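**Q** Next one to model:
(2 chains)
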Amino acid sequence: MSALQLLAEQDPGELVQGLTAVGRGIVYGGAAIGPGIGIGLVVGNAITAMARQPESAGVVRTTMFLGIAFTEALALFGFVLAFIISG
Amino acid sequence: MNVLALEFPPIDHLTRWPDLGGGLNKVALVYLFAMAATLALFLIAGSKKQMVPRGIQNIAESSVDFVRNSIIMQTIGPDGLGYLPLLATMFFFIFFSNITEIIPGVQFPANARFGIPVVLALLVWAIYWIVGFIKQGPVHYLKNATVPPGVPKAILPLVAFIELLQILIVRPFSQAVRLFANMLAGHLILVTFSVLCAALWVVQWYVVILPFSFALLVFLTAFEILVSFLQAFIFTILTAVYIGSSLHPDH
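**A** Presented below is the predicted three-dimensional model:
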């Protein structure tokens, strides 16, 4: 039996439910890629800065948290969007 | 939902709360607790002032010192010290309403409902607009906030539009969503692992997964303490940054 036949025999309601679940996963997974890379860059560079100039660690730490907060917002929008999507 | 023959409660159970009468539910009770705890902390700390602080006075003094040195001095500068009461209160209110996430018996972060984060973000929004209007004047504030220095004339309209959108919508929206989504995500993770632990408590072969699930639950509970603190810190520090940008325009 081919995949198309299988799809055609499904109950439409179940199909929509399943595809919604897949969509939610894709939305959140996609939204997490960029911020993951971004937070890595922010924290990595902050650690480099702290290691080079330990006396400026206080300022760097504050700025690092700000950078994380701004970058993380995108992932959280994706998280909220994944909840909003309903089948 | 039925995954791997384990019964999970449907997700609706997480987003609906029974009414206890008079509009009170668990969320409102947690907020009342957070307000009372913030008030009690500073009232008790201020009632018996000692030269050498002990107990609650010690906690209050070191946390005010923390807000002063690592939030205000790093972002606004010495002329922002007038905002210390606002920022310290905001920090403690958010922290207390977050930390209920890991208090046994309550185990619910009140900020995982969108209402109060929105109110707090709108409060911050009103404060930085009013501070900008008073300190710089309406025309200067709008000009300094929307026209960044050193931008080529050709793309200035686009940049100005984005900056205007930033101070009008994006700032309060992202601030509210950040607090709400972080707490909701943490709560969902804890719920997932607690339900998993409860569902795995059976005489079946898959009971071998239980120790891992439980160890992760303990670890994530410790992690959520950090998140509760960090979200209160980030909300407060962003408030300070926004007020700072209204006080001192970029040159």
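**Q** C-alpha only now, for contacts and for neighbours.
**A** Noted.
**Q** Which pLDDT does the model give B:Ser228?
**A** At B:Ser228, the model reports a pLDDT of 93.
**Q** try B:Leu188
**A** At B:Leu188, pLDDT is 86.
**Q** do the same with A:Met1
**A** pLDDT, A:Met1: 61.
**Q** Kindly report the same for the one 4 residues further on.
**A** At A:Gln5, the predicted lDDT confidence score is 80.
**Q** try B:Ser194
**A** 88.
**Q** Burial check on it, number of neighbours?
**A** 17 (other CA atoms under 10 Å in any protein chain shown).
**Q** Contacts only, for it.
**A** B:214, B:217 (CA atoms under 8 Å, 6 or more residues apart in numbering or on different chains).
**Q** Against B:Leu210, how distant is it?
**A** Noted for B:Ser194: a distance of 11 Å to B:Leu210, by CA to CA, to the nearest Å.
**Q** and if you look at B:Ile225?
**A** With CA to CA as the criterion, B:Ile225 and B:Leu210 are 23 Å apart.
**Q** likewise A:Phe65?
**A** In terms of CA to CA, A:Phe65 sits 35 Å off from B:Leu210.
**Q** what do you get for B:Leu39?
**A** B:Leu39 is 42 Å from B:Leu210, by CA to CA.
**Q** So for these two, which residue has more residues nearby?
**A** Neighbours were counted for B:Leu39 and for B:Leu210 using other CA under 10 Å; B:Leu210 has more, 18 against 15.
**Q** Just give the nearest non-adjacent residue to A:Gly38, would you?
**A** Nearest non-adjacent residue to A:Gly38, counting by CA to CA, 6 or more residues apart in numbering or on different chains: A:Thr71, 6.4 Å away.
**Q** what's the helix or strand hosting that neighbour packed up against?
**A** Here A:Thr71, judged by DSSP states H and E, is contained in helix A:57-84. Secondary-structure packing of helix A:57-84 (3 or more CA pairs under 8 Å, 6 or more residues apart in numbering or on different chains; DSSP states H and E): helix A:12-52, helix B:171-200, helix B:210-247.
**Q** Counting neighbours, which bits of it end up buried?
**A** By neighbour count on 16 or more other CA atoms under 10 Å in any protein chain shown, the buried set for helix A:57-84 is A:57, A:60-80, A:82.
**Q** angle of that helix against helix B:171-200?
**A** 70 degrees (axes from the mean of the first three to the mean of the last three CA atoms, to 10 degrees).
**Q** relative to helix A:12-52, how tilted is helix A:57-84?
**A** 180 degrees.
**Q** Just the angle for helix A:57-84 relative to helix B:210-247, thanks.
**A** Going by the same axes, to 10 degrees, helix A:57-84 makes 110 degrees with helix B:210-247.
**Q** quick one: contacts for residue 73?
**A** By default, I'm working from chain A. B:174, B:177-178 are the contacts of A:Ala73 under CA under 8 Å, 6+ apart.
**Q** Chain B, not that one
**A** Here B:Met73 is in contact with B:80-81 (criterion: CA under 8 Å, 6+ apart).
**Q** Could you confirm whether stretch A:21-28 reaches chain B?
**A** No - judged by CA under 8 Å from any CA of the partner chain, stretch A:21-28 stays clear of chain B, getting no closer than 12.0 Å.
**Q** quick one: low-confidence parts of chain A?
**A** A:1, A:87 (pLDDT under 70).
**Q** can you pull the buried residues of the helix or strand harbouring B:Leu39?
**A** Here B:Leu39 sits within helix B:26-47, counting by DSSP H and E. Judged by neighbour count using 16+ other CA under 10 Å, the buried positions of helix B:26-47 are B:26-27, B:30-31, B:33-35, B:37-38, B:42, B:45.
**Q** quick one: least confident of the residues you listed?
**A** Ranking those by pLDDT, B:Lys26 lands last with 81.
**Q** Would you check how far apart that one and A:Tyr28 are?
**A** 29 Å.
**Q** Same question for B:Ala36.
**A** 37 Å.
**Q** Now the residue at minimal distance from the centre of chain A. Nearest residue, chain neighbours left out?
**A** In chain A, the centroid-proximal residue (CA atoms, centre = their mean) is A:Ala32; its distance is 1.7 Å. With sequence-adjacent residues excluded and distances taken as CA to CA, 6+ apart, A:Ala32 is closest to A:Ala75, at 5.1 Å.
**Q** I'd guessed that neighbour sits against A:Gly29; true?
**A** No - using CA atoms under 8 Å, A:Ala75 makes no contact with A:Gly29, being 9.0 Å away.
**Q** what's next to the host helix or strand of B:Ile134, contact-wise?
**A** Assigned by DSSP H and E, B:Ile134 belongs to helix B:115-136. Applying CA under 8 Å, 6+ apart, the contact partners of helix B:115-136 are B:111, B:138, B:141, B:171-173, B:175-177, B:179-180, B:239, B:242-243, B:246-247.
**Q** Likewise for stretch A:40-57?
**A** Residues outside stretch A:40-57 that contact it (CA under 8 Å, 6+ apart) are A:60-61, A:64, A:67-68.
**Q** hang on, the earlier thing: which among the buried residues of helix B:26-47 gets closest to chain A?
**A** Of all those, B:Val27 has the smallest distance to chain A: 19.5 Å, by CA to the nearest CA.
**Q** Give the full set of residues in contact with that closest one.
**A** Contacts of B:Val27 by CA under 8 Å, 6+ apart are B:110, B:113.
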